[in-house]
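J.: Quick check, what structure comes out for this input:
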Amino acid sequence: MAKHKTVYFEYFGYGEQDTIMCELCESRIAVDIMHIIPRSKFGKKRKNEQDDIKNLCAGCRECHRDFDDGRKWTTKEVQEIHLRNLKN
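T.: Sure thing, here's the model as predicted:
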C-alpha cells in the first residue's frame, strides 16, 4: 500500500476491506486517497510533508477528477471539508 494511503487508513483506523465514503460528496464510495496540495509542490526539502494527514483526503473518482481539473472543488474548499473530518 502506498505511504499516503497507509497514513490515511491508520489515522482513521480503517482496514483495507473497509468502505470509505467520499469526504467531498459523501454519497459515493471513495476509491482514491488524494493529495490536497499536489506532491510536486513540496520539493525535496519538504517531501515528508506531502503525506501528512492534513494533506490527504478520501475522494470518489468523480470528485477527485473534478478537483484535479478545477471544475468543482478549490484547494481551500477541500482543505476546509477535510479538516472538519480530522479528530480534534
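
J.: For the rest of this, base every contact and every neighbour count on C-alpha atoms.
T.: Will do.

J.: Skipping adjacent residues, who's closest to residue 73 in space?
T.: Spatially, and ignoring its direct neighbours in sequence, residue 73 is nearest to residue 67 (4.9 Å; Cα to Cα, 6 or more residues apart in numbering).

J.: and that neighbour, backbone torsions?
T.: Per-residue torsions, residue 67: phi -70, psi -50 (degrees, to the nearest 10).

J.: Use 320 as the first number from now on
T.: Right, with 320 as the first residue, what we last looked at is residue 386.

J.: and it, how many neighbours?
T.: Residue 386: 20 surrounding residues under other Cα atoms under 10 Å.

J.: Need the per-residue pLDDT for the residue nearest the centre of the chain.
T.: Relative to the mean C-alpha position of the chain, the nearest C-alpha, by Cα atoms, centre = their mean, is the one of residue 376, at 1.6 Å. Per-residue pLDDT puts residue 376 at 98.

J.: Quickly list what it is bridged to.
T.: Beta-bridge partners for residue 376, by DSSP bridges, are residue 353.

J.: which residues touch it?
T.: By Cα atoms under 8 Å, 6 or more residues apart in numbering, the contact list for residue 376 reads 327, 342, 352, 353, 354, 355, 397, 401.

J.: The fifth one contacts residue 368, doesn't it?
T.: No - here residue 354 lies out of contact with residue 368, judged by Cα atoms under 8 Å, at a distance of 10.7 Å.

J.: Between these two, point out the one with more neighbours.
T.: Shown here are residue 354 and residue 368; by other Cα under 10 Å, residue 354 has more neighbours (20 against 13).

J.: show me the residues around that one that make contact.
T.: Counting by Cα under 8 Å, 6+ apart, residue 354 touches 369, 370, 374, 375, 376.

J.: how near is it to residue 378?
T.: As judged by Cα to Cα, to the nearest Å, residue 354 and residue 378 stand 10 Å apart.

J.: same deal with residue 385?
T.: Distance, residue 385 to residue 378, by Cα to Cα: 10 Å.

J.: And those two? Which one has more around it.
T.: Just comparing residue 385 and residue 378: by other Cα under 10 Å the higher neighbour count belongs to residue 378, 25 against 14.

J.: Since that was my last question, I'll sign off now.
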